[in-house]
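Peer 1: Compute the structure for the input listed below.
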Amino acid sequence: MGKTPDLTVVQKMTTDTLHKEGKTQKVIAKEAGCSQSSVSKHINPFTRLIERRREGKDVVENKCTSNRDNRTLERIVKQNPFKNVVEIHKEWTAAGVSASRTTTHRRMQDMGFSCCIPCVKPLLNNRRRQKRLAWAKDKKDWTAAEWSKVMFSDESKFCISFGNQVPRVWRKRGEAQNPRCLRSSIKFPQSVMVWGAMSSAGVGPLCFLRSKVNAAVYQDVLEHFMLPAADQLYRDADFIFQQDLAPAHSAKATSTWFKDHGIPVLNWPANSPDLNPIENLRGILKRKMRYARPNNAEELKATIRATWALITPEQCHRLIDSMSRRIAAVIQAKGAPTKY
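Peer 2: Model (predicted):
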């Protein structure tokens, strides 16, 4: 197809005048002595561009599968999103759709599906979701000042090997076996269990647990680490202590300990780490330790202590301020796990 010739100055003036008078493009072309396509191009220079885009869109949409076929595919994927492309393609073709495996994958991408590592969240049955939802509704009007009175706590496990968090290595050809470029493999990596607490004012002292945490061990932690943390973070001000529902935490002897010491405990829904900002603080801690290479448990403890000391009150304050957003997310999800 040849290129549409440009109009002369006189033809452009004639076209503009007749167009303002409401003449059709056919009449304008005859009066101006040019082709109708030249008139159309001059009147609306974007017409052809839009037409080309529409033509291209029509070509793209002219696919070998119908909208009904695509809806069937989307339903198959949503019914079991953990199936691989081969399994999904097999089920799709069994439904009477004629398409290749590549087409199946392409249609899934067109729908917005992408293959990702699934997020790991605690299992929540309907009863637990309802309790989370009720808890969130009860706390939705709490202010930032009220949340600042809460001391959040948690036990966390740290290993010498940090799995997939270990970064990639930059090396040259022939340096694959260079000790400087090797990542050590540990069959049974040493680990330590750590108890810690935080508030909007910062973090308290860490406690490295030497044995399995039962009620007696936990009360010892409360006596020698939680109380000093409260003195450090709240001084003489009142505070509320937060803990999850681990057996050692909810034991009758532990409840008695809190009553004897006059410390109120925040009621807490089960399996709700997304509501505890100290979980995010643990993530920050592990990211900061990503490049550390401790060789034994003692070096690991030293690394944890040094990294914990780098946590600023500002970081803690920002995490505590997120409580209102966490609660809103739980209410929106009707008690289901959230992104936090």
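Peer 1: residue ranges for the helices of the stretch 201-340 of the chain, please.
Peer 2: 215-221, 227-234, 247-250, 252-260, 277-288, 297-308, 313-321, 323-332 (DSSP state H, counting those that start in this stretch).
Peer 1: Please render those as a markdown table that adds mean pLDDT and mean neighbour count to the earlier fields.
Peer 2: The C-beta positions use only the backbone N, C-alpha and C, and glycine is treated the same way. Shown next, in a markdown table, are these (pLDDT from 0 to 100; neighbours: other CB atoms under 10 Å):
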| stretch | mean pLDDT | mean neighbour count |
| --- | --- | --- |
| helix 215-221 | 96 | 17 |
| helix 227-234 | 95 | 17 |
| helix 247-250 | 95 | 16 |
| helix 252-260 | 96 | 13 |
| helix 277-288 | 91 | 18 |
| helix 297-308 | 93 | 16 |
| helix 313-321 | 95 | 17 |
| helix 323-332 | 95 | 18 |
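Peer 1: Backbone torsions only: list them for S200.
Peer 2: When read as degrees, to the nearest 10, the backbone of S200 gives phi -70, psi -10.
Peer 1: Next one: it from I43, what distance?
Peer 2: From S200 over to I43 the distance is 65 Å, taken as CB to CB, to the nearest Å.
Peer 1: Which one's more surrounded, these two?
Peer 2: In this view S200 and I43 are compared by other CB atoms under 10 Å, and S200 has more residues nearby, 23 against 13.
Peer 1: Am I right that the more buried one is in contact with I320?
Peer 2: Yes - the pair formed by S200 and I320 meets the contact definition of CB atoms under 8 Å, at 4.1 Å.
Peer 1: Touching both of the two, which residues are there?
Peer 2: Common neighbours of S200 and I320 (criterion: CB atoms under 8 Å, 6 or more residues apart in numbering): A144, W147, S148.
Peer 1: now, among these, which is nearest to V265?
Peer 2: Distances from V265 to the shared contacts of S200 and I320, taken as CB to CB, are shortest for W147 (15.3 Å).
Peer 1: Apart from its neighbours in sequence, what residue is nearest the closest one?
Peer 2: Using CB to CB, 6 or more residues apart in numbering and skipping residues adjacent in sequence, the residue nearest W147 is M323, 4.6 Å away.
Peer 1: Check I43 too.
Peer 2: Sequence neighbours aside, H19 is the residue nearest to I43 in space, at 5.7 Å (criterion: CB to CB, 6+ apart).
Peer 1: With V10 as the reference, measure out to the one you found.
Peer 2: Using CB to CB, H19 is found at 15 Å from V10.
Peer 1: Check S40 too.
Peer 2: According to CB to CB, S40 stands 18 Å off from V10.
Peer 1: Looking at those two, which has the bigger crowd around it?
Peer 2: S40 (18 against 10).
Peer 1: Could you list the buried residues of the host helix or strand of that one?
Peer 2: Per DSSP states H and E, S40 falls inside helix 36-43. Using 16 or more other CB atoms under 10 Å as the test for burial, helix 36-43 gives Q36, S38, V39, S40, K41, H42.
Peer 1: pLDDT and distance to F82 added to those residues, as CSV?
Peer 2: Formatted as CSV, the buried residues of helix 36-43 follow (pLDDT from 0 to 100; distance: CB to CB, whole Å):
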residue, pLDDT, distance to F82
Q36, 84, 58
S38, 83, 59
V39, 82, 59
S40, 81, 54
K41, 79, 54
H42, 81, 58
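Peer 1: got those residues as a markdown table, with distance to L124 columns?
Peer 2: Shown next, in a markdown table, are the buried residues of helix 36-43 (distance: CB to CB, whole Å):
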| residue | distance to L124 |
| --- | --- |
| Q36 | 67 |
| S38 | 68 |
| V39 | 67 |
| S40 | 62 |
| K41 | 62 |
| H42 | 65 |
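Peer 1: which among those residues gets closest to W195?
Peer 2: When those are ranked by distance to W195 (CB to CB), K41 comes first, at 75.5 Å.
Peer 1: need the strands for the chain, in chain order.
Peer 2: 150-159, 191-199, 202-203, 207-209, 240-241 (DSSP state E).
Peer 1: out of these, deepest packed?
Peer 2: Mean neighbours per residue, mean count of other CB atoms under 10 Å, is largest over these for strand 191-199, with a mean of 22.
Peer 1: what's next to that strand, contact-wise?
Peer 2: With contact meaning CB under 8 Å, 6+ apart, strand 191-199 is reached by 148, 150-160, 203-204, 206-209, 213, 221, 225-226, 229, 233-234, 239, 277-278, 281, 297, 300-301, 304, 308, 311, 316, 319-320.
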